[in-house]
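K.L.:
With the sequence up front, the predicted model follows.
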Amino acid sequence: MSVDRKVVTRDDLTGVARAALGTGCDLVGVARLRGGSKKGVYRLTFDDDLTAIVYLWDTSENYWPAAQVDDSESAANPFSDASGIDLFEASHKQLDVLGIRTPRIYLADRSGDYYPADIAVVEDVPGENLEALLQNDAHAMETTLERLGDALTVMQGHRAPRFGKVALFNNQTVSDRRSCEQVVLDRALGDLAEAASRDIRVATAHDRLDDALRMMTAAVRPRCEYGLIHGELGPDHVLVDRHKQPVMIDIEGLMFFDVEWEHVFMRLRFGEHYRWLHRSGLDEQRLALYTLAMRLSLVAGPLRLLDGDFPDREFMAGIAEHNMREALAFVA
C-alpha cells in the first residue's frame with residue numbers, strides 16, 4: 001500500500017546542521033542516500049565542502065508496512081525491531097569501548113527542538129562502501145578485510161552469560177528464557193509459514209522444511225555463553241576510511257548472541273571474501289540450522305517489505321527469489 005512520504009529539504013535540516021556543527025557552517029545541500037528501510041539517511045553538504053550524515057528515525061522514513069512491523073515480539077527478543085536512537089547510542093558506546101571504528105557522533109537528539117523526530121548527526125566517511133570497493137578492486141581491500149576480521153575477533157571474544165540487544169542488556173531488562181537456537185527456530189517457523197502463504201513452492205515443501213528445522217535444532221548442544229555480533233554485517237554495512245580501516249554502520253541490532261548467526265550472514269553476503277572473516281571453533285550444527293533459518297528469513301522479510309512502497313522493488317524481489325531456491329534445496 002502506498003504511503004505519503006515526506007520530502008526532507010535543506011530548510012528542514014538547517015537547524016539540525018547548526019546544532020551539530022555550529023553556526024559557522026552554511027548548509028547548501030541535502031541528499032537522501034540509497035538504502036535505509038527503517039530510518040532516513042541523508043548527506044548534508046556545507047559551503048566549505050564539509051559533509052555529514054543525518055539519521056532520521058521518523059515514521060515517514062520507515063518502509064516496513066505498519067501492520068507487519070514486529071511489534072508483537074517482546075523487546076527482550078533479539079530479533080525484535082532493531083531501530084531507534086536508544087539502540088544506536090548504546091551500540092555505538094559498546095563498540096567504542098572495544099575500539100571498533102564507527103562514524104563519530106556530532107549530535108544525538110530526542111528533544112524535537114531541531115526536527116520532529118529522533119535524530120543523529122554523524123561523521124561522513126567519504127567514498128564507497130566495502131561492497132562496491134570489493135567489486136572494483138578486491139586485492140586493494142585485503143588490508144581492510146584483515147582488519148575487519150580482527151575487529152570481529154575482538155567483538156566475538158567479548159562474552160556474556162546471557163543474550164540480547166546491547167541497549168536492553170545494559171539496562172538489565174533482557175529476560176528471554178529460551179536458548180538462542182530455540183529463538184531462531186521459533187522465528188524460522190514463523191518465516192516458513194509466512195513464505196508458504198505467499199508462494200506455492202514453499203507451501204508444497206512446508207512439512208519437509210518444518211521437519212528439517214526441528215531436527216537441526218534437536219542436534220544442537222546447549223550453550224551458556226555468547227559473543228557480541230553486529231547482527232547484519234554485510235559489506236554494504238562497512239565503510240572504509242582513508243587509512244583503509246573498516247567502519248561499521250547500521251549498528252542498532254548489536255547484540256550478544258551465538259556468533260554462528262553472524263558467520264552465516266557474512267558467508268552469504270561476503271561470498272569468496274568470507275575467507276578473511278572465518279574463524280575456527282564454530283559449531284557445525286548451529287551453522288546448519290542458522291543457514292536454513294537465514295534463508296527463510298531472507299524470503300519472508302523481503303516479501304513483507306514489498307507489501308509497502310519500498311522503492312527498489314526488483315532488487316528486493318530478487319533477494320526473496322534467490323533465497324527461496326536455496327531454502328528449497330535443503331529438502332530437495
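P.N.:
Looks like it arrived, so ask away. Numbering: from 1, shown residues only.
K.L.:
C-alpha from now on. contacts and neighbour counts both.
P.N.:
OK.
K.L.:
host element of V41?
P.N.:
strand 40-46 (DSSP states H and E).
K.L.:
Could you name the helices and strands sitting against whatever helix or strand comes next after that strand?
P.N.:
Next helix or strand after strand 40-46 toward the C-terminus (DSSP H and E): strand 51-57. Applying 3 or more C-alpha pairs under 8 Å, 6 or more residues apart in numbering; DSSP states H and E, one finds that strand 51-57 makes contact with strand 40-46, strand 118-123.
K.L.:
moving C-terminal of strand 51-57, what's the next helix or strand?
P.N.:
helix 85-97.
K.L.:
right, and the secondary structure at A108 would be what?
P.N.:
Recorded secondary structure, A108: strand (DSSP: H, G, I helix; E, B strand; the rest coil).
K.L.:
Let me know the pLDDT of it.
P.N.:
At A108, the pLDDT value in this model is 97.
K.L.:
what's the answer for the one 3 residues further on, then?
P.N.:
At S111 the predicted local confidence, pLDDT, stands at 95.
K.L.:
got it, and A67?
P.N.:
For A67, the pLDDT comes out at 46.
K.L.:
Repeat that for D241.
P.N.:
Per-residue confidence (pLDDT) for D241: 96.
K.L.:
What is the neighbour count of it?
P.N.:
Using other C-alpha atoms under 10 Å, D241 has 18 neighbouring residues.
K.L.:
could you measure it against H273, distance?
P.N.:
Per C-alpha to C-alpha, to the nearest Å, D241 is found 19 Å from H273.
K.L.:
ok, back up a step: quick one, the strand holding V41 and strand 118-123 angle?
P.N.:
Interaxial angle, strand 40-46 versus strand 118-123 (axes from the mean of the first three to the mean of the last three C-alpha atoms, to 10 degrees): 50 degrees.
K.L.:
just checking, what packs against strand 40-46?
P.N.:
With contacts defined as 3+ C-alpha pairs under 8 Å, 6+ apart, the packing partners of strand 40-46 are strand 27-32, strand 51-57.
K.L.:
Give the bridge partners for the nearest residue to I119 once chain neighbours are set aside, please.
P.N.:
Nearest residue to I119, sequence neighbours excluded (C-alpha to C-alpha, 6 or more residues apart in numbering): L56, at 4.9 Å. Beta-bridge pairing for L56 (DSSP bridges): G40, I119.
K.L.:
quick one, what contacts L56?
P.N.:
The neighbours of L56, taking C-alpha atoms under 8 Å, 6 or more residues apart in numbering as the test, are K39, G40, V41, A117, D118, I119, A120.
K.L.:
Name the nearest of the residues you listed relative to A205.
P.N.:
When those are compared for distance to A205 (C-alpha to C-alpha), K39 wins out at 35.2 Å.
K.L.:
Tell me how many other residues surround the residue lying closest to P246 once chain neighbours are set aside.
P.N.:
In space, and not counting its chain neighbours, P246 is closest to V240: 4.8 Å by C-alpha to C-alpha, 6+ apart. Per other C-alpha under 10 Å, the neighbour tally for V240 reads 20.
K.L.:
Please report the distance of V240 from P126.
P.N.:
Note on V240: its distance to P126, by C-alpha to C-alpha, is 8 Å.
K.L.:
ok so, going back, who's in contact with the strand holding V41?
P.N.:
For strand 40-46, contacts defined as C-alpha under 8 Å, 6+ apart pick out 17, 25-35, 51-58, 61-62, 124.
K.L.:
With mean pLDDT and distance to H263 as extra columns, can I get the helices and strands packed on strand 40-46 in a markdown table?
P.N.:
Shown next, in a markdown table, are the helices and strands packed on strand 40-46 (pLDDT from 0 to 100; distance: least, C-alpha to C-alpha, whole Å):
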| stretch | mean pLDDT | distance to H263 |
| --- | --- | --- |
| strand 27-32 | 93 | 31 |
| strand 51-57 | 95 | 27 |
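K.L.:
What score does M294 have for pLDDT?
P.N.:
In this prediction, M294 carries a pLDDT score of 96.
K.L.:
got a list of what H206 touches?
P.N.:
The contact partners of H206, by C-alpha under 8 Å, 6+ apart, come to L192, A193, A196.
K.L.:
which other residues reach the helix or strand of the chain with the lowest mean pLDDT?
P.N.:
Lowest by mean pLDDT, DSSP states H and E among the helices and strands of the chain is helix 166-170, with a mean of 78. With C-alpha under 8 Å, 6+ apart as the test, helix 166-170 has contacts from A76, D86, L87, A90, S91, Q94, F163, V174, L254, M255, F256.
K.L.:
do the same with stretch 279-286
P.N.:
When contacts are defined by C-alpha under 8 Å, 6+ apart, stretch 279-286 is touched by residues E181, M216, T217, A219, V220, V259, E260.
K.L.:
quick one: the fourth one from Q285, how far?
P.N.:
What it means is A219. 6 Å.
K.L.:
These two: which is more packed in?
P.N.:
Per other C-alpha under 10 Å, whichever of A219 and Q285 has more neighbours is Q285, with 16 against 13.
K.L.:
now, which of the contacts of H206 lie within strands?
P.N.:
Applying DSSP state E to the contacts of H206, no entry is found in strands.
K.L.:
Output those residues in CSV, with pLDDT appended to each entry.
P.N.:
Listed next are those as CSV, based on pLDDT from 0 to 100:
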residue, pLDDT
L192, 97
A193, 96
A196, 95
